[in-house]
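Engineer: this one's structure only:
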């Protein structure tokens, strides 16, 4: 039974609670903190986009196409589908010599309601470029451009979301080597954007992120790729999420000290290079916005060196005031006492 | 520890799960089924709007203002803020001789994104009439109209959302007598629409709904009021929710055999008059759309007499296919085996 990690208060009573598991490990896989079942394979979903983007760099595709910080950050993103995200994804495809017709991720309205309303007010409807994964897919297409040789890219890329396509095999291989987990026998599902997702234990995911933060345990090519991607996101954090998004806000504030990334169904992963740590967590019930983010904020408070202003700022993300439609404070989201007790700072 | 009631599959693996508690009782309070902790007070939120509307009928206000089925159903609703809901709420206020300036529920965009986009495309912004609780509040105002005597209604109604206002005292008294739970010592919070919400155990909530379904254990006035409200919702189920909403769909299909009502944070209550039962459930993590609804569907399958077509139709609500942005079936939401085992039909 996984412990309660986040409690939602209404008045003085706990109204709802979120259980989950988490692992904080170093690049050798030594466990700094484990709560709940960290051995059960979980689907990491979009939290591992940075690992799936390693071949984009390691293959030389990013250099050949002169991808910018913004474009590399978008390759790791679950973005809001704001105009800058859409334009950047389109620009990546243009560098590869194709357009959005090559994308196989499907279209959806931006998750943030305000952006849906803005688009609707302009008479727009969403395309595959608005899909929160369009940057990852554009990265796959840039990789495909490198791998296609003399073949026309539209032909070569066709079916790139399938597990057996050479592009996806390369992406899956990077995920396997970074996590050290045999994906050929792992539980397998289809992700929201139609690529395969594999069940991987939290401890292995956390170690992969410690590796991305330190380079330890990765090939030279993947180590350089991980560093380059982290730096790109730190320089262009808007691209990895967007307006009001947790990942964007945290990395705008803390820069290269944190690389964190949300995944669907309550998953979060992070590299905390300062202490060479990797983090992976999963909320049992799949809640992202009010559970996984609160846990990640509490872990950043515990494991990243922060000044007082930064610590106060993070605390507002792990202890969130809830207001009703009249703006009246009615409750709070809080990291649980059990989580706070367990996640004591390393220096304490 | 509450049991798992709903599992979310991706491929063949359980990706996420929802725990919770539920009670099915008769009007005498005899327990037909209890899973998890049904003694702990939980905030029922909007699930008890029908109980909060009993004074609207019992006071004679509804008759004096000649409220229609649509208006009575809206008084029990958490609606979509669609044009018909907004117009009906405005009509109730007009019958009381006031307008939306009297409402103290606050404004919010409709929860359903499609309706937000439609409004944005028309250049509209939401008012208090769009608040999902506007019908309940309009009902409070109609009750206030009856109670105000010679005082101007705008003056009399001012502060009606506060616990100490005569209108809210009347509403809270109805809630207390129906549930048989002492609200003066119960945990108290402020609801999304600013009225008080009280912590009440699931067993007491379930008994209150058995009483509303049968009239047993209620005063004559409240018994008649409960029957009238159930009939109104059965005749105008669109008003209680709206397009594609679970409550609306179920009552459109099953009529007076079910009165079910969602509440925020994973709460559901129902009256199943055929067998004189009441139902109350709460999902620990607060998830409504994919957890509380699935549990309620499974309970309706178990405790309501359905023909084969109805049973198949309900099964699609308790065993829901999940599709991704390309329309590919990627998983399912399912009532857990533990829930299915426990909720065996009474006739079995």
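Structural biologist: It's in. What you see is a predicted model; the values in this text were computed from it and never measured. Numbering: from 1, shown residues only, chains lettered A, B, ... in the order given.
Engineer: where does pLDDT dip in chain A?
Structural biologist: Judged against pLDDT under 70, the low-scoring parts of chain A cover residues A:346-348.
Engineer: which strand runs longest in chain A?
Structural biologist: In chain A, assigned by DSSP state E, the strand with the most residues is strand A:13-26.
Engineer: okay, buried residues for that strand please.
Structural biologist: Buried residues in strand A:13-26, counted by 16 or more other Cβ atoms under 10 Å in any protein chain shown: A:13-26. In this view, the C-beta of every residue, glycine as well, is placed from N, C-alpha and C.
Engineer: also stretch A:107-116?
Structural biologist: Within stretch A:107-116, judged by 16+ other Cβ under 10 Å, the buried ones are A:107-113, A:115-116.
Engineer: how far out from the middle of the chain is it?
Structural biologist: Going by Cα atoms, centre = their mean, to the nearest Å, the spacing between the C-alpha centre of stretch A:107-116 and its chain's C-alpha centre is 18 Å.
Engineer: first-to-last residue distance for that stretch?
Structural biologist: Taking Cα to Cα, to the nearest Å, stretch A:107-116 runs 13 Å from one end to the other.
Engineer: which residues sit against it?
Structural biologist: Contacting residues not belonging to stretch A:107-116 are listed as A:80-82, A:119, A:126-128, A:130-132, A:242-244, B:109, B:113, B:116-117, B:120, B:325 [Cβ atoms under 8 Å, 6 or more residues apart in numbering or on different chains].
Engineer: from these, list the buried ones, please.
Structural biologist: Among these, those that count as buried by neighbour count (16+ other Cβ under 10 Å) are A:80-82, A:119, A:126-128, A:130-132, A:242, B:109, B:113, B:116-117, B:120, B:325.
Engineer: list the buried residues in the helix ranked longest in chain A.
Structural biologist: The single longest helix within chain A, with elements called by DSSP state H, is helix A:220-235. Residues of helix A:220-235 classed as buried under the neighbour-count rule (16+ other Cβ under 10 Å) are A:222-223, A:225-235.
Engineer: which other helices and strands contact the following helix or strand past it?
Structural biologist: Towards the C-terminus, the helix or strand next in line after helix A:220-235, according to DSSP states H and E, is helix A:237-240. Other elements packing on helix A:237-240 under the criterion 3 or more Cβ pairs under 8 Å, 6 or more residues apart in numbering or on different chains; DSSP states H and E are helix A:69-75, helix A:83-95, helix A:246-254.
Engineer: picking up where we left off before, direction included, what does the longest strand of chain A pair up with?
Structural biologist: Take DSSP bridges as the rule and strand A:13-26 pairs in its sheet with strand A:4-10 (antiparallel), strand A:31-35 (antiparallel), strand A:277-283 (antiparallel).
Engineer: any chance of these in JSON lines with mean neighbour count as columns?
Structural biologist: Shown next, in JSON lines, are those (neighbours: other Cβ atoms under 10 Å in any protein chain shown):
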{"stretch": "strand A:4-10", "mean neighbour count": "23"}
{"stretch": "strand A:31-35", "mean neighbour count": "18"}
{"stretch": "strand A:277-283", "mean neighbour count": "29"}
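Engineer: and the contacts of the longest helix of chain A?
Structural biologist: A:50, A:53-58, A:62, A:69-70, A:72-73, A:75-76, A:174, A:177-178, A:211-213, A:215-216, A:218, A:239-240, A:251, A:255-256, A:259, A:271, A:273.
Engineer: got CSV for the strands paired with strand A:13-26, with distance to residue B:266 too?
Structural biologist: Shown next, in CSV, are the strands paired with strand A:13-26 (distance: least, Cβ to Cβ, whole Å):
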stretch, distance to residue B:266
strand A:4-10, 11
strand A:31-35, 23
strand A:277-283, 14
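Engineer: out of the ones you listed, which gets nearest to residue B:102?
Structural biologist: Smallest distance to residue B:102 across those (Cβ to Cβ): 26.0 Å, for strand A:4-10.
Engineer: contacting residues around residue A:58?
Structural biologist: A:174, A:219, A:221-222, A:224-225.
Engineer: now with 10 Å, please.
Structural biologist: Neighbour list for residue A:58: A:143, A:170, A:174, A:218-226, A:228 [criterion: Cβ atoms under 10 Å, 6 or more residues apart in numbering or on different chains].
Engineer: find the nearest non-adjacent residue to whichever residue of the stretch 201-348 of chain A sits closest to chain B, please.
Structural biologist: Using Cβ to the nearest Cβ, residue A:325 is the residue of the stretch 201-348 of chain A that sits closest to chain B, at 3.0 Å. Computed as Cβ to Cβ, 6 or more residues apart in numbering or on different chains, the closest residue to residue A:325 that is not its neighbour in sequence is residue B:106, at 3.0 Å.
Engineer: mind checking the SS state of whichever residue of the stretch 1-150 of chain A sits closest to chain B?
Structural biologist: Closest approach between the stretch 1-150 of chain A and chain B, counting by Cβ to the nearest Cβ: residue A:106, at 3.0 Å. Counting by DSSP: H, G, I helix; E, B strand; the rest coil, the backbone at residue A:106 sits in coil.
Engineer: thinking it is in contact with residue B:330, fair?
Structural biologist: No - using Cβ atoms under 10 Å, residue A:106 is not in contact with residue B:330; the gap is 11.5 Å.
Engineer: overlap in contacts of those two?
Structural biologist: Common contacts of residue A:106 and residue B:330 (Cβ under 10 Å, 6+ apart): A:192, A:194, B:324.
Engineer: narrow those residues to those in strands?
Structural biologist: Reading strands off those, I find no matches (DSSP E).
Engineer: now those residues in CSV, with neighbour count and distance to residue A:283?
Structural biologist: CSV is the format used below for the shared contacts of residue A:106 and residue B:330 (neighbours: other Cβ atoms under 10 Å in any protein chain shown; distance: Cβ to Cβ, whole Å):
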residue, neighbour count, distance to residue A:283
A:192, 25, 17
A:194, 20, 24
B:324, 19, 20
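Engineer: what distance separates stretch A:45-53 from the centre of its chain?
Structural biologist: Its chain's C-alpha centre and that of stretch A:45-53 lie 6 Å apart, by Cα atoms, centre = their mean.
Engineer: touching chain B at all, that stretch?
Structural biologist: Yes - residues of stretch A:45-53 contacting chain B under Cβ under 10 Å from any Cβ of the partner chain: residue A:45.
Engineer: start and end of that stretch, how far apart?
Structural biologist: 14 Å.
Engineer: thought residue A:54 was touching residue A:172?
Structural biologist: No - Residue A:54 lies out of contact with residue A:172 (Cβ under 10 Å); the separation is 11.3 Å.
Engineer: neighbour-wise, which of these two wins?
Structural biologist: Neighbours were tallied for residue A:54 and for residue A:172 using other Cβ atoms under 10 Å in any protein chain shown; the higher tally belongs to residue A:54 (27 against 20).
Engineer: got the contact list for that one?
Structural biologist: Residue A:54 is in contact with A:170-171, A:173-175, A:177-178, A:212, A:218-219, A:221-226, A:228-229, counting by Cβ under 10 Å, 6+ apart.
Engineer: now do the same end-to-end measure for stretch A:30-39.
Structural biologist: End-to-end span of stretch A:30-39 (Cα to Cα): 14 Å.
Engineer: quick one: it to chain centroid distance?
Structural biologist: 20 Å.
Engineer: go on, stretch A:153-168?
Structural biologist: Counting by Cα atoms, centre = their mean, stretch A:153-168 comes out at 23 Å from the chain centroid.
Engineer: does chain B sit close to it?
Structural biologist: Yes - using Cβ under 10 Å from any Cβ, a contact is recorded between stretch A:153-168 and chain B, made by residue A:161.
Engineer: buried ones in that stretch?
Structural biologist: Within stretch A:153-168, the residues that count as buried by 16+ other Cβ under 10 Å are A:153, A:156-157, A:160-161, A:165, A:167-168.
Engineer: and these, which is closest to chain B?
Structural biologist: Among these, and counting by Cβ to the nearest Cβ, the member closest to chain B is residue A:161, at 8.7 Å.
Engineer: quick test: name the residue nearest the centre of chain A.
Structural biologist: When chain A is reduced to its mean C-alpha position, the nearest residue by Cα atoms, centre = their mean turns out to be residue A:261, at 2.7 Å.
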